[in-house]
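Engineer: Only the shape, not the letters, is given here:
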């Protein structure tokens, strides 16, 4: 028997046909309610294991039946009718007609099938928990990088101001051309480092946001798989680890005329390495989530076909969004443009053109238009998008900053 959203129940192992009929009836009420065992456990104050056990063939008491029917059927008249039916089945299960014992071979087959289902579900749950830990570590890394980079950018802005003043003084004095040349080189280098730091800041912020969104998706999957296991049972961060710099880097820095700039370059190199490594984690987990069907999801290939040829339903937006993001991450900009176009059209229709999620999707679409070869069209679209982003998202939002940088 399959529960809500494709989550299976364990086999009913009842002592009588009446008890099996009661268990099937109670499970049907749970399935029809759309509630998970975790939700019912909170509403009824009965543990998930007890709920699962008493709907697996063990005859429950009248209080359990009454509480379960009340929790699963909100409409009063239907609830009264179903409760009367449940109590009638409970009476029959409490006083069953004599029957022959079940076949041992049949029981063995059922137990073997149950064991296989439990192992598969447990393995999927283990993978989801591992993904959850990796996403938490990635989000934590990104948050730390954001703080480091904000401090670095602030220091670089002061350094640029100081070097600019020093350069103007040397130009006015006309005394030391070599000092002027070195100061100009340091200033140019600091300005380039500031741009690199801002780019890495955008990457870190986007990765943090992406990791948090993926973590929420994985949490739903963990909850569903935990619930599935309960149904099947029936009876029964440390500092950022950045790679060391290349050999000989420290010795070389002692001979340079710009040791501060060398230190900044080395730090940016380590930050870039962490960003690259975390990005690989996000791409892999995104691919795994798309490859493994979630309970109740529409088949992904059918969804993508429908999204490109017809109207996208609101419930399909998260899956379409993940597919669009994965297309870009795996180097398919043309596919990303098609998917983001479908997603943008759906957002405009369902939540409106001024909604923040619509503008974020619009930014992604324009970005991948540029990556797909339409640089001029993308630049014009960014120019049209910027005022909307600043007005709705705010000037400091990640997508507003990204749009502004694309026009710089």
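Structural biologist: Sure, I can see it. Note that the structure is a prediction, hence the values are computed from the model and not measured.

Engineer: When you work out contacts or count neighbours from here on, use the C-alpha atoms and nothing else.
Structural biologist: OK.

Engineer: ranges for the helices of the stretch 251-400 of the chain?
Structural biologist: Applying DSSP state H, counting those that start in this stretch to the stretch 251-400 of the chain gives helices spanning 259-291, 300-309, 317-329, 333-350, 356-371, 375-392, 398-407.

Engineer: my guess is residue 138 meets residue 206, correct?
Structural biologist: No: the pair residue 138 / residue 206 is not scored as a contact, 11.4 Å apart, by C-alpha atoms under 8 Å.

Engineer: So between those two, which is more surrounded?
Structural biologist: Neighbour count, other C-alpha atoms under 10 Å: between residue 138 and residue 206, residue 138 has more, with 26 against 17.

Engineer: Can you tell me the closest non-neighbouring residue to that one?
Structural biologist: Closest residue to residue 138 apart from its sequence neighbours, by C-alpha to C-alpha, 6 or more residues apart in numbering: residue 278 at 5.8 Å.

Engineer: Count the neighbours of that neighbour for me.
Structural biologist: 23.

Engineer: separation between it and residue 219?
Structural biologist: 19 Å (C-alpha to C-alpha, to the nearest Å).

Engineer: Can you name the residues that contact the nearest residue to residue 90 once chain neighbours are set aside?
Structural biologist: Distances taken as C-alpha to C-alpha, 6+ apart place residue 22 nearest to residue 90, at 6.4 Å, with adjacent residues excluded. Taking C-alpha atoms under 8 Å, 6 or more residues apart in numbering as the contact definition, residue 22 lies against 57, 86, 89-90, 93.

Engineer: can we see that at 7 Å?
Structural biologist: 89-90, 93 (C-alpha atoms under 7 Å, 6 or more residues apart in numbering).

Engineer: Among those residues, which lie within strands?
Structural biologist: Nothing among those maps onto strands, per DSSP state E.

Engineer: List just the nearest of the residues you listed to residue 47.
Structural biologist: Proximity of those to residue 47 (C-alpha to C-alpha) peaks at residue 90, which lies at 20.8 Å.

Engineer: Got the confidence number for residue 192?
Structural biologist: Per-residue pLDDT puts residue 192 at 90.

Engineer: so where does it fall, helix or strand?
Structural biologist: Per DSSP states H and E, residue 192 falls inside helix 177-233.

Engineer: Mind checking which residue lies nearest the centre of this protein?
Structural biologist: A centroid search over the chain (C-alpha atoms, centre = their mean) returns residue 214, at 1.1 Å, as the residue closest to the centre.

Engineer: In this structure residue 20 contacts residue 26, no?
Structural biologist: No: the pair residue 20 / residue 26 is not scored as a contact, 10.0 Å apart, by C-alpha atoms under 7 Å.

Engineer: Tell me which stretches of the stretch 51-200 of the chain form helices.
Structural biologist: Counting by DSSP H, counting those that start in this stretch, the helices of the stretch 51-200 of the chain are 62-72, 76-94, 104-173, 177-233.

Engineer: could I get those helices as TSV with distance to residue 262?
Structural biologist: Formatted as TSV, the helices of the stretch 51-200 of the chain follow (distance: least, C-alpha to C-alpha, whole Å):
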stretch	distance to residue 262
helix 62-72	66
helix 76-94	74
helix 104-173	13
helix 177-233	10
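
Engineer: Just name the most buried of these.
Structural biologist: The highest average neighbour count among the helices of the stretch 51-200 of the chain, using mean count of other C-alpha atoms under 10 Å, belongs to helix 177-233 at a mean of 19.

Engineer: Relative to the whole chain's centre, how far out is that helix?
Structural biologist: Helix 177-233 sits 15 Å away from the centroid of its parent chain (C-alpha atoms, centre = their mean, to the nearest Å).

Engineer: Equivalent analysis for stretch 85-102, please.
Structural biologist: The chain centre lies 47 Å from the centre of stretch 85-102; the measure is C-alpha atoms, centre = their mean.

Engineer: And the residue of the chain positioned farthest from its centre, its phi and psi?
Structural biologist: Within the chain, the residue lying farthest from the chain centre (C-alpha atoms, centre = their mean) is residue 175, at 59.9 Å. Note on residue 175: its backbone torsions stand at phi -110, psi -50 [degrees, to the nearest 10].

Engineer: now do residue 176
Structural biologist: Phi and psi for residue 176, reported as degrees, to the nearest 10, are phi -130, psi 90.

Engineer: Lowest average confidence across the helices of the stretch 51-200 of the chain, which one?
Structural biologist: With a mean of 79, helix 104-173 has the lowest mean pLDDT of the helices of the stretch 51-200 of the chain.

Engineer: That helix relative to helix 177-233, how many degrees between them?
Structural biologist: Put simply, helix 104-173 runs at 170 degrees to helix 177-233, going by axes from the mean of the first three to the mean of the last three C-alpha atoms, to 10 degrees.

Engineer: Now do helix 104-173: which elements does it pack against?
Structural biologist: Secondary-structure packing of helix 104-173 (3 or more C-alpha pairs under 7 Å, 6 or more residues apart in numbering; DSSP states H and E): helix 177-233.

Engineer: can you state the direction angle for the helix it packs on and helix 317-329?
Structural biologist: Calculated by the same axes, to 10 degrees, helix 177-233 forms an angle of 140 degrees with helix 317-329.

Engineer: tilt between helix 177-233 and helix 398-407?
Structural biologist: Counting by the same axes, to 10 degrees, helix 177-233 lies at 140 degrees to helix 398-407.
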